[in-house]
Structure formats: structure tokens, C-alpha cells
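A.B. asks: Predicted model and sequence follow; I will ask about them next.
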Amino acid sequence: MHEYSIASSLLNTAEEHVRKHGASRVVRLELSVGELSGVEIPLLEKAWSLVRERSTCEGVDLTVRPVGAVWSCGDCGARIARGAVLTCQQCGGRVRMEAGDELVLDRIEMEVA
């Protein structure tokens with residue numbers, strides 16, 4: 001379950017920011033998780049509920065924004081429809097993923113004295 005190591009890393013990052021900014025605790029964490037990132041959101045939320053205990057993030061839930069996969073042609077920029085062959089139908093160019101494989105910590109809100 002690599003979601004546990006991701007949750008631990010999120011906690012470490014949040015606690016670094018707490019120390020850096022002289023905050024007393026974290027009040028909100030927001031992240032974006034791509035559908036093809038390999039991260040199971042329910043498992044990540046469960047792992048987070050375990051690692052956050054007795055920390056500056058205790059009681060803080062993750063706000064997760066799922067990101068759908070999006071492909072486009074690397075040559076002409078045409079969008080490729082979901083489920084289509086991953087070759088551009090307009091120019092025959094190679095397709096690249098624009099979104100959907102990310103795991104990004106978008107926002108940390110902290111309580112500062």
C-alpha cells in the first residue's frame with residue numbers, strides 16, 4: 001500500500017511548513033490526484049487518517065480534487081477523445097498526456113499566532 005508512504009510524505013511536508021512559518025497547526029490540506037496516478041483515493045484517505053494522529057494535522061481531512069486523464073497531439077495540439085486510439089486523427093502525430101497522472105499538494109492552510 002504505497003498510499004501510506006504518500007500520506008507520510010504529505011504529513012512531513014505539512015509539518016515542515018508549520019515549522020517554517022511558526023504555525024501552531026494545519027487546518028486544511030488540498031491535493032490533486034490524477035486518475036492514472038496509481039493512487040487509490042479511498043486508501044490514501046484511510047492512510048492519512050492514521051498518520052495524522054498526534055501531529056500538527058490531527059483531525060484534518062484531505063480535500064482531494066480528482067483529475068481526469070486528458071491527451072493531446074504533441075504536434076498540432078488537437079485533443080484526443082477518451083478511449084480513442086492514441087494517435088492524432090488530424091495529423092498522425094504522437095499523443096501526449098496533458099493531465100491525469102499528477103499527485104500535487106495544492107494548498108496548505110495553517111493557523112498562525
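C.D. replies: Noted; the coordinates are in hand. Numbers count the residues shown, from 1 in each chain.
A.B. asks: Per-residue pLDDT of the nearest residue to residue 91 once chain neighbours are set aside, please?
C.D. replies: Of all residues not flanking residue 91 in the chain, residue 76 sits nearest, at 4.5 Å (C-beta to C-beta, 6 or more residues apart in numbering). Quick note: C-beta positions are derived from backbone N, CA and C, even for glycine. pLDDT, residue 76: 94.
A.B. asks: what kind of secondary structure is residue 76 in?
C.D. replies: Recorded secondary structure, residue 76: coil (DSSP: H, G, I helix; E, B strand; the rest coil).
A.B. asks: shouldn't it be in contact with residue 90?
C.D. replies: Yes: between residue 76 and residue 90 a contact is recorded at 5.7 Å, counting by C-beta atoms under 8 Å.
A.B. asks: quick one on the thing from earlier: which ones are touching the residue nearest to residue 91?
C.D. replies: 88, 90-91, 93 (C-beta atoms under 8 Å, 6 or more residues apart in numbering).
A.B. asks: Among those residues, which one is most surrounded by other residues?
C.D. replies: Comparing these by number of neighbours (other C-beta atoms under 10 Å), residue 88 comes first, having 21 neighbours.
A.B. asks: so what's the backbone phi/psi at that residue?
C.D. replies: Dihedral pair for residue 88: phi -60, psi 130, per degrees, to the nearest 10.
A.B. asks: Also residue 58?
C.D. replies: Given degrees, to the nearest 10, the pair of backbone angles that residue 58 has is phi -60, psi 130.
A.B. asks: next one: residue 23
C.D. replies: Torsion angles, degrees, to the nearest 10, at residue 23: phi -80, psi 160.
A.B. asks: circling back: among the contacts of residue 76, which are located in strands?
C.D. replies: Per DSSP state E, strands hold no members of those.
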